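*Asks:* next input, structure requested:
(chains A and B, ligands or ions: 5)
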There are 2 protein chains.
Amino acid sequence: MKSFIEVSPDSDFPIQNLPYGVFSKPGDETRRIGVAIGDQVLDLSAIRHLFTGPILSSQQDVFAKPSLNALMALGRPAWTEARETIQKLLSADEPTLRDNQELRAAALVPQADVTMHLPAEVGDYTDFYSSREHASNLGSMFRDPSNPLLPNWLHIPVGYHGRASSVVISGTPLHRPCGQTRPNNGPVLACCHNRCALTGSVECGQGNVLQGMLVWLAMTSHVALESGRLSTTLCREKVPPSHGALHGVYCHSHRHPALSTLDAVVPPSVVVVASEPAPLPYLKHDDPYSFDIKLSVKIVPEGGSGKVVANTNFKHMYWTMKQQLAHHTITGCNVRPGDLMGSGTISGTDPSAYGSMIELSWKGTKELDVGDGEKRKFLKDGDTVVLAGHCQGDGYRVGFGQCSGKVLPARVRVD
Amino acid sequence: MKSFIEVSPDSDFPIQNLPYGVFSKPGDETRRIGVAIGDQVLDLSAIRHLFTGPILSSQQDVFAKPSLNALMALGRPAWTEARETIQKLLSADEPTLRDNQELRAAALVPQADVTMHLPAEVGDYTDFYSSREHASNLGSMFRDPSNPLLPNWLHIPVGYHGRASSVVISGTPLHRPCGQTRPNNGPVLACCHNRCALTGSVECGQGNVLQGMLVWLAMTSHVALESGRLSTTLCREKVPPSHGALHGVYCHSHRHPALSTLDAVVPPSVVVVASEPAPLPYLKHDDPYSFDIKLSVKIVPEGGSGKVVANTNFKHMYWTMKQQLAHHTITGCNVRPGDLMGSGTISGTDPSAYGSMIELSWKGTKELDVGDGEKRKFLKDGDTVVLAGHCQGDGYRVGFGQCSGKVLPARVRVD
Ligand SMILES: [Ca+2]
Ligand SMILES: [Ca+2]
Ligand SMILES: [Mg+2]
Ligand SMILES: [Mg+2]
Ligand code: NI
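*Replies:* Ligands and ions are numbered 1, 2, ... in the order given. Okay, here's the model as predicted:
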């Protein structure tokens, strides 16, 4: 498959990908839904009359909205139909858009000129903790290296609520957070060590409780106050009688502006890590539902060029997105289109595949080479974290672009 | 102050109250902003041209929206101006509305005829745990009666994230939730004991991180899976390595459809419970900022008339709403208009003032007389919980109406 729009072989956005996003043009604040193709954005609001398939012919208005929520609410058959329509319109041998100079001028915008916005209104944001390697590493550090994984973890896809207001678009800088700590005697207010973690996220489609489907892939990082598990800056929020950390990892989560659909992910799925012990029936599914997504974390010191500090893969996850959703909704909890579910930190077995700063620096005991002659145990003010991910197809790659965030000095001065 | 609309002395909605809500008329799905007056609703969208004060004359459109978020975003000076305008328009000696039969017919609707909707889009929902009596009772039950309050609690307004999707309007029935429990050996899926708790909520006005103001009062109940703290149905979500309970108390929170403003609360404020030890400077404020709101919990068995099982008061709270917001935002966390912050269960020192089922039945060890010859340790399918609250003025009451929810049988059958 080839597009009439030139796409370089190492582009994240070939015709096989077509991730959705919300953008605005220079000098015009209108938010528009688009897909990335090569170094262009195709403005779907400008070509919405061309969605003439059985589902979308009566739903063309979803492409004129300022967010993807309405399109998400239509469900996966509609997204598949949209994908087929867009692939046809962009293909090298289809004249409708290719030969219509006026329509091309209206509908194609260089990516370099656009401003990206949050693609969907996130109603609720849940973060899971689904990597066995990550959970074991943390258990090893903070509890017992000889028994790092508590039995609970093998029965439940552990998750916790995040804060939807904390989700920001890639590129948004983040002020170093502060919080209560208790270094010696009394509590004090202190700036926190900044860490980051790589997590894969899915956006939920249908709001139906029992039939909810996970369909969008995105990436988030959190450069955040890891208060809940850092004894050095113990913010004490997980200490009973709390039901859980309030601030914890939720100062900000960055998300990449483009959302790829599962139809674009290649290969479509891979076999899931075996579960032992077997989970309860409501958590069982027979189909392979994991994904071979190559992921990397790079740290760039201020003014430097930085270095990739970890390479990992989404396929390492123990609990699948289906299991997460099943567990989330078994109580009767409702999930709405646009809701975000994070996988939790994605770590592999090899230390070079650890997905979080706390594992990479092993609780601050190891220095990390971040290039430019710099070393880090924690993030410094001025550091930028860059996450990237892609699936490799045969002769093309389906990329998730980059997701980045810079650490600014704390707003509140404490010492 | 008297309105030309007849208001009975025991009404929750005299001209001194004027709580906001979102309603629709019979046969018309349009959502409208209104205020309650006596047994009527004043449709503010129908009289928005009469908001001619310095702030609102250019902002009349906020009254034509389907939710209160835009009005909330204007901040407290705008709400005070709106209140003055509405009070003047409704007062006995003001002819503008009183003598205009056409406008009265368009703008006044009997409460009995309207459908109430969620008054605001809740971006995020945080539940605190701010009653010392409640926290001590729970600590006494589940940890150590001789040392019920852990020191942490006295330094931090403990809070945790809820799920905005779980907030439903008063009157919405709730299916009994299910979840993983571990009664003896392996984990099983089980229906949970239902409990309820009374909590006062505030809706945040301005989104400004450092200057955020708490201005709306509302009530929520949760008839929910108290998995996190019930050993009998231990859903194990607080067990490490979790950052906190996912389901916990969040199956559903009911909220009353009408929101009173702080300007309506009488007396405006009462002295706050003394803090010992003194909190960190960012948690200190000098002004009295607690409220004398009388609250009650009633349980009504199916087909019965029920009984009030607890009477308590919002003024018992140890941590104030200002302290909760200060703690929530100290990290840099952003709060948006419409965000909901619950106080947590409101308990007094006397057992008749305990605000939660778990305290009233003391962990299921005591039976509670709920009238109609019925006794309860937990809520039964078919039970309805009714919360009510009001402030007493001189010759009138500012009421928060009632907030109710019925327990339906579990959707998923397990045994
Ligand atoms: Ca598995
Ligand atoms: Ca206090
Ligand atoms: Mg995480
Ligand atoms: Mg509570
Ligand atoms: Ni975490």
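
*Asks:* what average pLDDT does stretch A:86-100 get?
*Replies:* Summarised as a single mean, pLDDT over stretch A:86-100 is 98.

*Asks:* now swap in stretch A:154-163 and tell me
*Replies:* 84.

*Asks:* any residue of that stretch touching chain B?
*Replies:* Yes - against chain B, stretch A:154-163 shows contacts by C-beta under 8 Å from any C-beta of the partner chain at A:His155, A:Ile156, A:Val158, A:Gly159, A:Tyr160, A:His161, A:Gly162, A:Arg163. Backbone N, C-alpha and C define where each C-beta goes, glycine included.

*Asks:* which of the residues you listed tops the neighbour count?
*Replies:* Tallying neighbours with other C-beta atoms under 10 Å in any protein chain shown puts A:His161 at the head of those, with 30 neighbours.

*Asks:* thought that residue was touching B:Tyr160?
*Replies:* Yes - with contact defined as C-beta atoms under 8 Å, A:His161 reaches B:Tyr160; the gap is 7.3 Å.

*Asks:* picking that back up, of the residues of stretch A:154-163 next to chain B, which is the nearest to ligand 2?
*Replies:* Among these, A:Arg163 lies closest to ligand 2 (C-beta to the ion), at 24.8 Å.

*Asks:* okay but the closest one is in contact with B:His161, surely?
*Replies:* Yes - contact between A:Arg163 and B:His161 holds when scored by C-beta under 8 Å: they sit 6.0 Å apart.

*Asks:* tell me the first helix or strand C-terminal of the helix or strand A:His134 falls within.
*Replies:* Using DSSP states H and E, A:His134 sits within helix A:132-142. Using DSSP H and E, the helix or strand that follows helix A:132-142 in sequence is strand A:159-161.

*Asks:* so after that following strand, what's the next helix or strand?
*Replies:* strand A:167-169.

*Asks:* what helices or strands is the helix or strand immediately after that next one in the chain leaning on?
*Replies:* Going down the chain from strand A:167-169, the next helix or strand is strand A:174-175, by DSSP H and E. In terms of contacts (3 or more C-beta pairs under 8 Å, 6 or more residues apart in numbering or on different chains; DSSP states H and E), strand A:174-175 is packed against strand A:397-408.

*Asks:* so which bits of the strand it packs on are buried?
*Replies:* The neighbour-count check on strand A:397-408 (16 or more other C-beta atoms under 10 Å in any protein chain shown) flags A:Arg397, A:Val398, A:Gly399, A:Phe400, A:Gly401, A:Gln402, A:Cys403, A:Ser404, A:Gly405, A:Lys406, A:Val407 as buried.

*Asks:* same deal with stretch A:363-372?
*Replies:* Buried-residue list, stretch A:363-372, by 16+ other C-beta under 10 Å: A:Lys363, A:Gly364, A:Leu368, A:Val370, A:Gly371.

*Asks:* swap in stretch A:39-52?
*Replies:* Using 16+ other C-beta under 10 Å as the test for burial, stretch A:39-52 gives A:Gln40, A:Val41, A:Leu42, A:Asp43, A:Leu44, A:Ser45, A:Ala46, A:Ile47, A:Arg48, A:Leu50, A:Phe51.

*Asks:* stretch A:324-340 now?
*Replies:* Under the neighbour-count criterion of 16+ other C-beta under 10 Å, stretch A:324-340 has A:324-340 buried.

*Asks:* in strands only, show me these.
*Replies:* Using DSSP state E, the members of the buried residues of stretch A:324-340 that fall in strands are A:Leu340.

*Asks:* remind me which residues of chain A are low pLDDT?
*Replies:* Segments of chain A classed as low confidence (criterion: pLDDT under 70) are A:181-252, A:412-415.

*Asks:* tell me the domain ranges of it?
*Replies:* Chain A breaks down by automatic domain parsing into domains covering A:20-117, A:125-408.

*Asks:* single out the most deeply packed of the ones you listed.
*Replies:* domain A:125-408 (a mean of 21; mean count of other C-beta atoms under 10 Å in any protein chain shown).

*Asks:* that one near ligand 1 at all?
*Replies:* Yes - judged by C-beta under 5 Å from the ion, domain A:125-408 comes into contact with ligand 1 at A:Val272, A:Val273, A:Ser275, A:Tyr318.

*Asks:* ok, those residues vs ligand 3, which is closest?
*Replies:* The nearest one, if we look at the residues of domain A:125-408 next to ligand 1 relative to ligand 3 and count by C-beta to the ion, is A:Tyr318, at 14.5 Å.

*Asks:* please name the nearest non-neighbouring residue to the closest one.
*Replies:* A:Arg132 (4.2 Å; C-beta to C-beta, 6 or more residues apart in numbering or on different chains).
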